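> the following block contains a protein sequence and its predicted model.
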Amino acid sequence: MSDKALKTSPLAQWHKSCNAQFTAFAGWEMPLQYTNAGILAEHHQTRKGASLFDVSHMFQMRLTGPDRHTNIDRLLPIAAEKLKLNRNKYCCLSNSEGGAIDDLVAGNDEQGWFIISNAARATEVKNHVQAHLQGNCNLDVITGHALLAIQGPLAAELISGIFPAIAELYFMDSRWCDYNGCEVRICRCGYTGEDGFEILVPANHAEQLAKQICASGVCRPAGLGARDTLRLEAGLCLYGQDLTSEWTLIESGLTFCMSPSRRKSGGFIGAQTILRKYVEGASRNLVGIKVDSKQALRAKIELTCDGQPAGVVTSGNHSPTLGYPIALALVATQYSEPGTQLTASQRGRDINATVVKLPFVAHNYHLLSKKK
């Protein structure tokens, strides 16, 4: 796709005024970093304060109609009727062979089921869902909005000053709020491992909201570069690297996204393969590895253990928080235990690495289980 054909966010002009450096991503022109700060500064800003990420490129749709719960049960490995109103769940959409079409967030909302998935998988997700809808259920693609992600330990204090009702939300709760006469949907979630919120706002109010959030200086804009290093430290999958249609959610360590009842009852697309691997165990697993070198490992680098093929790196980078390189890797099950020593060959030299428990950096979610 040429640069002229790239889609742009409703916040494109605001990003330019903030000295954004843009990159092409999944058919969109999006900020990679802001030149007055840079990826490293934006990463630390998110861990210590708050950052605003524009994620308007994410694909968003809504399922409506009286049969929407039945269709969600068919499409996703969650118990639709048991997910309370205004609750959201991270899960995977799978094909008939159990391979992951995409990972996404599905929310049970008064207006229908909200589904937010990856921009690069928009066509595949839409076509798959549309092809499997049954009964009285409609698919509506959400357009004309921006999606803002405010992430970091100071995010709640900042956003509650604009939307007081969000103080009542816990991780994966959502609520509709008024903003200058328009409705915005706020979900307490994110992709950094930090506490935070994703705000769906009409496009014509997006810049005003972004400016208001950043006005105090507590929160600053951050780009896709920092978003990637943050999600890697949090041990979160990137579709196309750490999760693909070539393997199931079991291999990617996403068993938690299946509701307990669905692990027994099945009934969702791809369940036969997924539940077999859940019961028997997968032959390979996604793990975290600490790299014993200043050189970061990149995706597709092969790994060995005592000279035997062990697996392959799926994502790798330097960890700004920890100060050394880290990576995610898909390895044979016998090499997946923490402490296992692996070797990577990159640029003509062998690099030692050690399997470690995920996440690399502890999550800081505002969980209901932590309620005092």
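That came through fine.

> can you show me the helices along the stretch 1-150 of the chain?
12-17, 39-48, 68-75, 122-132 (DSSP state H, counting those that start in this stretch).

> cool, the stretch 201-350 of the chain as well?
Going by DSSP H, counting those that start in this stretch, the stretch 201-350 of the chain shows helices at 203-214, 224-233, 262-265, 271-280.

> now for the shortest one, which elements pack on it?
So that's helix 262-265. Under the contact criterion of 3 or more CB pairs under 8 Å, 6 or more residues apart in numbering; DSSP states H and E, helix 262-265 touches helix 271-280. (C-beta placed from N, C-alpha, C; glycine too.)

> check the offset of the helix it packs on from the chain's centre.
Relative to the centre of its chain, helix 271-280 is centred 24 Å away, using CA atoms, centre = their mean, to the nearest Å.

> and for stretch 183-197?
Relative to its chain's centre, stretch 183-197 lies at 11 Å (CA atoms, centre = their mean).

> need the contact list for the closest residue to Val291 other than its chain neighbours.
Spatially, and ignoring its direct neighbours in sequence, Val291 is nearest to Pro325 (3.8 Å; CB to CB, 6 or more residues apart in numbering). Contact analysis of Pro325 by CB atoms under 8 Å, 6 or more residues apart in numbering lists Lys290, Val291, Ser293, Lys294, Gln295, Ala296, Leu297, Gly316, Asn317, His318, Ser319.

> quick one, what contacts the residue lying closest to the last one once chain neighbours are set aside?
If you skip the residues right next to it in sequence, Ser319 has Ile326 as its closest partner in space, 4.7 Å away by CB to CB, 6+ apart. Ile326 sits next to Leu232, Glu233, Gly288, Ile289, Lys290, Val291, Gly316, Asn317, His318, Ser319, Phe360 when contact means CB under 8 Å, 6+ apart.

> wait, isn't Glu186 in contact with Glu168?
Just so we're on the same page, residue 186 is Ile rather than Glu. No - look at Ile186 against Glu168 with CB atoms under 8 Å: they stay out of range, at 11.0 Å.

> and those two? Which one has more around it.
Ile186 (24 against 10; other CB atoms under 10 Å).

> can you check the pLDDT for that one?
Looking at Ile186, its pLDDT stands at 98.

> which helix or strand contains it?
strand 182-187 (DSSP states H and E).

> now do that strand against helix 203-214, angle only.
60 degrees (axes from the mean of the first three to the mean of the last three CA atoms, to 10 degrees).

> please name the residues that touch the closest residue in space to Ser94 that isn't next to it in sequence.
Closest residue to Ser94 apart from its sequence neighbours, by CB to CB, 6+ apart: Gly270 at 3.4 Å. Contacts for Gly270 (CB under 8 Å, 6+ apart) come out as Ser94, Asn95, Ser96, Glu97, Gly98, Gly99, Thr248.

> so the last one touches Thr273, yeah?
Yes - with contacts counted by CB under 8 Å, Thr248 reaches Thr273, the gap being 6.3 Å.

> which one of these two is surrounded by more residues?
Taking neighbours as other CB under 10 Å, Thr248 and Thr273 compare with Thr248 leading, 25 against 16.

> check the contacts of Ile326 and tell me the two furthest apart.
When CB to CB is used, the two most widely separated members of the contacts of Ile326 are Gly288 and His318, lying 14.5 Å apart.

> looking at these two, which is more packed in?
Between Gly288 and His318, counted using other CB under 10 Å, the more crowded position is Gly288 (21 against 16).

> now the more buried one: how far from Asp195?
22 Å (CB to CB, to the nearest Å).

> hmm, back to that, so what does the strand holding Ile186 touch, helix or strand wise?
Using 3+ CB pairs under 8 Å, 6+ apart: strand 182-187 touches strand 100-109, strand 174-179, strand 196-202, helix 203-214.

> got TSV for the ones you listed, with mean pLDDT and mean neighbour count too?
What follows is these, written out as TSV (pLDDT from 0 to 100; neighbours: other CB atoms under 10 Å):
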stretch	mean pLDDT	mean neighbour count
strand 100-109	98	22
strand 174-179	98	16
strand 196-202	98	24
helix 203-214	98	18
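
> so which of those gets nearest Phe53?
strand 196-202 (8.9 Å).

> show me the contact partners of that closest one.
The contact list for strand 196-202 (CB under 8 Å, 6+ apart) reads 50, 55, 60, 116, 142, 144-152, 155-156, 159, 166, 169, 179, 182-190, 209.

> circling back: would TSV of the helices of the stretch 1-150 of the chain with distance to Arg263 and mean neighbour count be doable?
Listed next are the helices of the stretch 1-150 of the chain as TSV, based on distance: least, CB to CB, whole Å; neighbours: other CB atoms under 10 Å:
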stretch	distance to Arg263	mean neighbour count
helix 12-17	43	16
helix 39-48	34	20
helix 68-75	14	20
helix 122-132	21	15
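
> between the ones you listed, which one is nearest to Pro31?
Across the helices of the stretch 1-150 of the chain, closest to Pro31 is helix 12-17 (CB to CB), at 5.0 Å.

> okay, now the unreliable bits of the stretch 1-150 of the chain?
For the stretch 1-150 of the chain, the stretches with pLDDT under 70 are 1-4.

> how does it look with 90?
By pLDDT under 90, the low-scoring segments of the stretch 1-150 of the chain are 1-5, 36-37, 110-111.

> ok, now the stretch 151-300 of the chain?
For the stretch 151-300 of the chain (pLDDT under 90), the answer is 216.

> what's around Thr340, how many residues?
When neighbours are counted by other CB under 10 Å, Thr340 registers 17.

> do the one 5 residues further on as well
Around Ser345 sit 12 other residues, with neighbours defined as other CB under 10 Å.

> so it bridges to which residues?
Residues in a beta bridge with Ser345, per DSSP bridges, are Asp350.

> that concludes my questions; thank you for your assistance.
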